[in-house]
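Asks: Let's see this in three dimensions:
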Amino acid sequence: DRMPRPAADALGLLLRVFRPRGVPVVMAGRPWPAGDSGRAQLAAAADEVLELLPLRPADVAKLVDLHVTRRFGHPADPAVATAASRALGTLAGNPRAMLSILDTLDGQDLLELDGRMCLTRAEKHLRLTTEEAFLLGFGRPHAPPYPGIVEAAIVTARVLDHADVHVDDAFRITPSAGARALEHALDRLITDRILTADPQDRLSFAVPALAAALRALPSRRDVQGNSARYVTRLTDKLGAEATGRGYPRLADRVAASGPRLADSLSVPLLLAAAREEARTNWPRSARAYAAALHRLTPQDPRTPGVLHEASSLSLRHGDHDGLLALGEPLLALLDTPHTEHTDDVEKPAGLSSVATAWAWAALHEHRTPRADDIHPRSGGTADRFPAAARLAALGGLYGIGPLTPPATTAARHTPDTDPGHRRTPLPSPTELRLVAAAVGSHTELSRARHNLPPDALDDQAMDRLRHAAAYADLAAAFGAVLGDRYVAAPDGIAVQYQGMVRDYLTGNWDAALTAARRIEVRSRTHPAAGVPHLPRALAAEIHCTRGDIARARAWLDLVPDTLTHPLAARARLALRYWSGQKKEALEEAWCDARQARKNGRLAGVERLLLRILSLAALHELPQKVQQALEELETLHEEAATPMTHEALLIARGVAHHDADSALTAHRSIQRRGDVHLSVASSMCLTHIADDPRRWLTEAIRNAHPLGLGRPFRTAVTRAAQQRDIPVPRLRRAHHKLTEPDITLVRMVSDGATNQQIAAELTAAWLNGSLNRPDTASAPTHPHQQQPYKGSCILVHSD
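Replies: Numbering: from 1, shown residues only. This next block holds a predicted model:
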């Protein structure tokens, strides 16, 4: 598509010479515009045109998997192929481009988790190799202006890395002497489909991986200098604030100019641009606020107000990365040497909302505001502000950071009459107490709910809250309480863990493990992310239930023994038990259950006690069974949640062979949606119900998508032997007959001999259709379509 006219004429001459002599000619190229007459004549000379479609996503995944396995010894996580395809843009599905990206990866760009190689390099940094970037992006350097085009592309790639660029911006910033050359270069880049312009004339690279490759190349242009000179000319003419209001897009260029622009000029421009864009383009507004705070000193009287504006903006849009970035200027402002000079800062109440928003963002990244891992001085920052301290205490109850003693978190329960909180994403003190009370007793939860307005939460929202508390699912808990007010970053750990819990409960365990790997990669590579102990514990439980002890141990080794949450205790019990430490497993699980109740964490303890009871019954320990049953009865009296009721009913089924209780529990579990627990209730009914075959079949059917391994197979075999029934065999659903299947059926029905059937099967095997699942719609084998001598085949490939 970028072939010069002389080259096209030369190829036409070759065709006229070779074809009469019977020489087959095959050419490959990309589709070209229909208006190009010279290239159209070349296409018309072809006897046959084959369109090579891009690889399908499934084929791309196989290609990536094969390449990564050969290089690193482990298959690739599915996210690698997805990220690489997005980085290729319009080249997605091109195998050469995909292999080029994979060739740039090294051991530091990939992390082995669960036996899969996970991508740690940011997607925007995925790039083509230099050689492939030129061939795939620019083609062969036939035309004379090739070096200038490449230089313009390098400059554009560097600018687009930190700023939105419109076509008119490029001409404004470029000196007049180079305007004509730039116009020609941009026109060529857009015509060649290297750059694209959206309806608002914003420029972007059609292939982001090409832009990443270009950014790594040297450039002779002083991009920062050109930007700084242009901004200076505008501010000299209009003033800094007027320039920021009139040209808010320049904020990114000012931020990238660094020390080339004085703070006295940059700060007013950045603040004016940030306020101008706050409603129309909040991400750029947030970047402008961050750049201004980077230049403002703690002594500057504008700093507290700018912090408040920036935190309010990021909070409204769930920008937790932006909120956490405010931690450093906030802490610098709170340092004693600085606060001595500013009367406004001596009153910390003005910064309370900033500190609370910062603590809110920290929780959503599974970081505790009490720890000093955000900044060396951040320890105790939340303690200076009551609202932030309450958020930090809540984190301890949900497995994020240390537990706060109950005496220090108890607060006077007063009705929530302040309407201000009902307009912000932050929870009010009463709403925060409700989320905290969800992990405790029914009495505490009822008291906390009583202090909310009557129409604040319905019963369904309360059930969602208690269910979220059982898995320490902070995002789901806040979503249940705040409703439409809740806004959170989709790539944050809390929201990703919410999706992981949802996949776990609905039985999509492969997706849950994918989420666990994604969370783990973020925790190790993203500066804002914390330590995701609970996702690790849930991943360990999945692997242990599937019988993969090694991978379960690898995940659980990342969880400290000091984490006493019931979810972590469940994983420890399973791992110890299936590692052969049966007695120690039960003893430690009892200790974990008692410690959780002592700490006020009742939510989730029912599953731990139910597992203890089931194992005690398996080993015929009637005293332990009765003890666990009594503990469950006491727990249900205190918590009174649907989950504790279900666990108690199943426990009665196991301990007393109460089929009615087990059946009631099974129906409740199915309505609520917990596939793994429904397998447990089905297995319980297999042992005690009148129709064991039905329940064993249902247990196996529900367990199949979970991928349950040796522990489940052992339980199934034992149940079948005890009830004297065969182990059910599941049939494959929706199995479609292929064309060879249909042919074989017809031959048998027509009375064909074995020799005739063998001949037909041999022919099908030779042409490959015997192994193709979609034979009915597949074309005939390529060797049946060989071109005759002297033909020309033109292959189009994107």
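
Asks: use CA for all of it now, contacts and neighbours both
Replies: Fine.

Asks: The stretch 1-150 of the chain: helices as residue ranges?
Replies: Using DSSP state H, counting those that start in this stretch, the helices assigned to the stretch 1-150 of the chain run over residues 5-18, 37-44, 57-72, 78-88, 95-103, 130-137, 146-160.

Asks: could you dump those to CSV with mean pLDDT, distance to Asn281 and mean neighbour count?
Replies: Written out in CSV, the entries for these read as follows (pLDDT from 0 to 100; distance: least, Cα to Cα, whole Å; neighbours: other Cα atoms under 10 Å):
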stretch, mean pLDDT, distance to Asn281, mean neighbour count
helix 5-18, 77, 45, 14
helix 37-44, 64, 44, 15
helix 57-72, 95, 33, 17
helix 78-88, 96, 24, 21
helix 95-103, 95, 32, 19
helix 130-137, 84, 31, 17
helix 146-160, 83, 17, 19
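
Asks: Which one of those lies nearest to Pro369?
Replies: Each of those has some distance to Pro369 by Cα to Cα; the shortest is helix 78-88, at 30.8 Å.

Asks: hmm, who's touching that closest one?
Replies: By Cα atoms under 8 Å, 6 or more residues apart in numbering, the surrounding residues in contact with helix 78-88 are 60-61, 64, 92-93, 97-98, 101, 118-119, 123-124, 126-127, 207-210.

Asks: Next, report how far it is displaced from the centre of its chain.
Replies: How far helix 78-88 lies from its chain's middle: 13 Å, per Cα atoms, centre = their mean, to the nearest Å.

Asks: and what of stretch 469-489?
Replies: Using Cα atoms, centre = their mean, the distance from the centre of stretch 469-489 to the centre of the chain it belongs to is 17 Å.

Asks: can you pull the buried residues of it?
Replies: Applying a neighbour-count criterion of 16 or more other Cα atoms under 10 Å, one finds 469-482, 485-489 buried in stretch 469-489.

Asks: what does that stretch rub up against?
Replies: The set of residues external to stretch 469-489 that reach it, using Cα under 8 Å, 6+ apart, is 316-320, 364, 397-399, 422-427, 431, 435, 438-439, 457, 461-462, 464-466, 468, 494-495, 497-498, 501, 534, 567, 603-605.

Asks: In helices, which of the residues you listed appear?
Replies: Assigned to helices by DSSP state H, the following of these qualify: 316, 320, 364, 397, 431, 435, 461-462, 464-466, 468, 494-495, 497-498, 501, 534, 567, 605.

Asks: mind listing what Ala290 touches?
Replies: Residues counted as contacts of Ala290 (Cα under 8 Å, 6+ apart) are Ala310, Gly322, Ala325, Leu326.

Asks: show me the contacts for the second one.
Replies: Pointing back at Gly322 there. When the contact criterion is Cα under 8 Å, 6+ apart, the partners of Gly322 are Ala286, Ala290, Ser311, Ser314.

Asks: Looking at the residues you listed, spot the one nearest Ala388.
Replies: Closest approach between the contacts of Gly322 and Ala388, by Cα to Cα: Ser311, at 13.8 Å.

Asks: List the buried residues for the strand or helix carrying that closest one?
Replies: Assessed by DSSP states H and E, Ser311 sits inside helix 303-316. By neighbour count on 16+ other Cα under 10 Å, the buried set for helix 303-316 is 303-304, 306-316.

Asks: With stretch 291-306 instead?
Replies: For stretch 291-306, burial by neighbour count (16+ other Cα under 10 Å) applies to Ala291, Ala292, Leu293, Arg295, Leu296, Pro298, Gln299, Thr303, Pro304, Val306.

Asks: Find the pair from those residues with maximum spatial separation.
Replies: Ala291 and Gln299 (16.9 Å).

Asks: now the helices: where do they sit in the stretch 501-650 of the chain?
Replies: Under DSSP H, counting those that start in this stretch, the stretch 501-650 of the chain gives helices at 509-525, 533-546, 549-556, 566-578, 582-598, 605-618, 622-639, 642-656.

Asks: In a markdown table: those helices, plus mean neighbour count and distance to Asp236.
Replies: Conversion of the helices of the stretch 501-650 of the chain to a markdown table gives the following (neighbours: other Cα atoms under 10 Å; distance: least, Cα to Cα, whole Å):
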| stretch | mean neighbour count | distance to Asp236 |
| --- | --- | --- |
| helix 509-525 | 21 | 42 |
| helix 533-546 | 26 | 54 |
| helix 549-556 | 20 | 59 |
| helix 566-578 | 24 | 62 |
| helix 582-598 | 17 | 66 |
| helix 605-618 | 22 | 67 |
| helix 622-639 | 19 | 68 |
| helix 642-656 | 24 | 68 |
